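[1] starting from these lines, generate the structure:
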Amino acid sequence: MIKRNFLLAGALTLACGFAQATTTPEFVGTDAPFASNAIYFVMTDRFVNGDPSNDQRHQGGAHPTFDIPVPGAPKGRSDNIGYLGGDFKGVLDNAGYIRNMGFGAVWITPIVENPNEAFTGGDPVSWGSKFTDRGKTGFHGYWGVNFYKLDPHLPSKGLDFAQFTTAMHQAGLKVVQDIVANHGSPAFSMPKAQPMFGQIYDKDGKLIADEQNLRPDQLDPVRNPLHRFYHAYEDLAQLSNNDDENPAVLDYFVGAYLQWAGEGADAFRIDTISHMPTAFWKQFAARIRAKHPGFFMFGEAFDYSPDNIGQYTWAKNGGISVLDFPLRGRIADVFEHPGSDYVHLLDRLYLTNGPYANPYELVTFYDNHDMARLNASDNGFIDANNWLFTARGIPAIYYGSETGFERGKAEHEGNRNYYGQQRIDDAASSPIYNQLKRIASLRKNTPALQRGLMLPIHFAGDQAAFYRVYQKGDVHQIALVLLNKGDAAAQFDVSDYLQAGRWQPALDGSAIDVTDGGHLHASVVPHDVQVYLLDAVATRADLVAELTRLMQERGHPTH
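    Just a heads-up that it's a prediction; the model follows:
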């Protein structure tokens, strides 16, 4: 194993003092309650059509919205830019499936009202195209028009949003609501203005903003009150660009999302957080948490620079976590390519003095609806999941990844295709599913893997070994994680920071007794993981010293 020789004599002295003290030191990665939950991300319309009566199949008139295949698909392939029927009932009907996989939360796409026609502006969608919207609908939910009103495709009789969240909670699942504040629907470039596009309505159904099919540089916010909600410059494609400097914009979205939080949303995922300044988000977060203390939020800053995205996590900017794009980039590099080196993940963990307020609260992932799905073999998915569910952070898995659904496919190539009940019913035949269920269930039942400090000890080639340690109150748990992504069995000989005691295997095998100064020998079969647990207070001096340093240097040095 790699030896680490950076401990100072002073740190050892401090550690011995801690070990002998009557007060047990706390070793915690995060105590955010939400961090206990792995997240299953569902594009609601694409998951399961639980109630065909809400499909709105005849909506849109001359610009219909249901089942619109993308032209130019290769033989045997498909993609769709219309609604396909997924709804709250489809998610709720499969709450047991999601929970039994080991997840504690479901992230659903935006629930608010979107335009009820297909968009006629922009560039036409074609197979594999990017930033094209002509002919597309708001099936994804990100084209909000009335942020206080439910999209009629989602609820069923007796199952509005409040009833949905209540039922999900009863099924043991929290609900993460995807929210948008920086933009609404496509707002200009239509041959002829379409109803709802570029418009925003208040909770009473009153029109309060309308781009009137004008390019942003043609807006007149000084003379036209309906233009004051928007910036007079373009941002994303033809989407309206909400003016973060207008207090009415902040008031509108705070009001809307307080409504949904009041109806049972447990956390927010914030779309395009980097398209509005931190000053806006600080005020937004403060006002949400004034009504809902400790409310967990994480944002999407689609940026692989940790310095750029880290600022959103700082308390002075609202204390909002983020999706861990910098680590995601390395995850794809490592698990899409057999023979890659685990060491490439190490410098994206930022466990000490990094850019984030707390790296343990980042939401970790390997793909989503806005990028190509992970292009890996079954073993690559298994290895990636073994990593996500044992390393620091809150893992999020995109629907279908449990069976390798549409692997490697980007938007307009199948990334967002309909999953359906049959695939869920057949999931147990997938080796990816079975191994995911195994490791996700372990995390669900292991405090150290959910919230513990992470201490790397060996990252090289196909092998990685690290500790996760959670020590607070009556919970004292040290987890030793051994990962093997190779095609041959891997032999581990661990001695660094190894505390004496009886280490229990969390998955299979026999307990291992370790004496003072001893070694732990273990073999891990190809593409697998082993976790050994020691439910005891950390007492070994160099281990306590390192954990103390990790605690002291856990966040950004000045924030």
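[2] read off the pLDDT value for His231.
    What the model reports for His231 is a pLDDT of 95.
[3] measure it to Arg46 for me?
    If you measure His231 against Arg46 using Cβ to Cβ, to the nearest Å, the figure is 31 Å. Quick note: C-beta positions are derived from backbone N, CA and C, even for glycine.
[4] please say which of these two ends up with more neighbours.
    Each of His231 and Arg46 had its neighbours counted (other Cβ atoms under 10 Å), and the higher figure belongs to Arg46 (25 against 19).
[5] tell me the pLDDT at that one?
    Per-residue confidence for Arg46 comes out at a pLDDT of 98.
[6] that one belongs to a helix, doesn't it?
    Yes - note on Arg46: a helix contains this position according to DSSP: H, G, I helix; E, B strand; the rest coil.
[7] which ones are touching Val481?
    Val481 makes contact with Thr390, Ala391, Leu449, Ala464, Ala465, Phe466, Tyr467, Arg468, Val529, Gln530, Val531 under the criterion Cβ atoms under 8 Å, 6 or more residues apart in numbering.
[8] identify the residue nearest it in space, chain neighbours excluded?
    Spatial nearest neighbour of Val481, excluding adjacent residues (Cβ to Cβ, 6 or more residues apart in numbering): Thr390 at 4.6 Å.
[9] how many residues are close by the one you found?
    A count of nearby residues for Thr390, using other Cβ under 10 Å, gives 24.
[10] I figured it was touching Val531, is that so?
    Yes - counting by Cβ atoms under 8 Å, Val531 is a contact partner of Thr390 at 6.8 Å.
[11] picking up where we left off before, for Met168, state which of the contacts of Val481 is nearest.
    Distance ranking of those against Met168, using Cβ to Cβ, places Leu449 first at 23.5 Å.
[12] secondary structure element holding that closest one?
    helix 447-451 (DSSP states H and E).
[13] check which helices and strands that helix sits against.
    Applying 3 or more Cβ pairs under 8 Å, 6 or more residues apart in numbering; DSSP states H and E, one finds that helix 447-451 contacts helix 431-444, strand 463-472, strand 475-484.
[14] mind checking which of those is nearest Leu346?
    Among these, the nearest to Leu346 by Cβ to Cβ is strand 463-472 (8.6 Å).
[15] show me what the closest one is packed up against.
    Based on contacts counted as 3+ Cβ pairs under 8 Å, 6+ apart, the elements that strand 463-472 packs against are helix 447-451, strand 453-460, strand 475-484, strand 490-494, helix 541-552.
[16] CSV for those, including mean pLDDT?
    Rendered in CSV, the data for the helices and strands packed on strand 463-472 read as follows (pLDDT from 0 to 100):
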stretch, mean pLDDT
helix 447-451, 98
strand 453-460, 98
strand 475-484, 98
strand 490-494, 97
helix 541-552, 97
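[17] format the ones you listed as TSV; extra columns: distance to Asn94.
    Written out in TSV, the entries for the helices and strands packed on strand 463-472 read as follows (distance: least, Cβ to Cβ, whole Å):
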stretch	distance to Asn94
helix 447-451	23
strand 453-460	32
strand 475-484	30
strand 490-494	36
helix 541-552	39
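[18] for Arg134, find the nearest of these.
    Shortest distance between Arg134 and these, using Cβ to Cβ, is found for helix 447-451: 44.7 Å.
[19] contacts for the closest one, please.
    28-32, 35-36, 360, 389-390, 442-444, 468-470, 475, 477-479, 481, 531, 533.
[20] buried subset of those?
    For these, a neighbour count by 16 or more other Cβ atoms under 10 Å gives the buried set as 28-30, 32, 35-36, 360, 389-390, 442-444, 468-470, 477-479, 481, 531, 533.
[21] tally of neighbours for Gly319?
    Neighbour count of Gly319, defined by other Cβ under 10 Å: 19.
[22] distance of the closest residue to Pro186 other than its chain neighbours from Phe119?
    The shortest distance from Pro186 to any non-neighbouring residue, by Cβ to Cβ, 6+ apart, is to Gln238 (4.4 Å). When distances are taken as Cβ to Cβ, Gln238 and Phe119 turn out to be 8 Å apart.
[23] overlap in contacts of those two?
    Between them, Gln238 and Phe119 share the neighbouring residues Asp133, Pro186, with contact defined by Cβ under 8 Å, 6+ apart.
[24] lowest average confidence across helices and strands of the chain, where is it?
    Ranked by mean pLDDT, DSSP states H and E, the helix or strand of the chain with the weakest confidence is helix 9-20, at a mean of 42.
[25] after that helix, next one along is what?
    Using DSSP H and E, the next helix or strand after helix 9-20 towards the C-terminus is strand 39-42.
[26] contacting residues for Ile331?
    When contacts are counted by Cβ under 8 Å, 6+ apart, Ile331 is found next to Leu345, Thr364, Tyr366, Ala384, Trp387, Leu388.
[27] which of the residues you listed fall within strands?
    Judged by DSSP state E, the contacts of Ile331 include Thr364 as members of strands.
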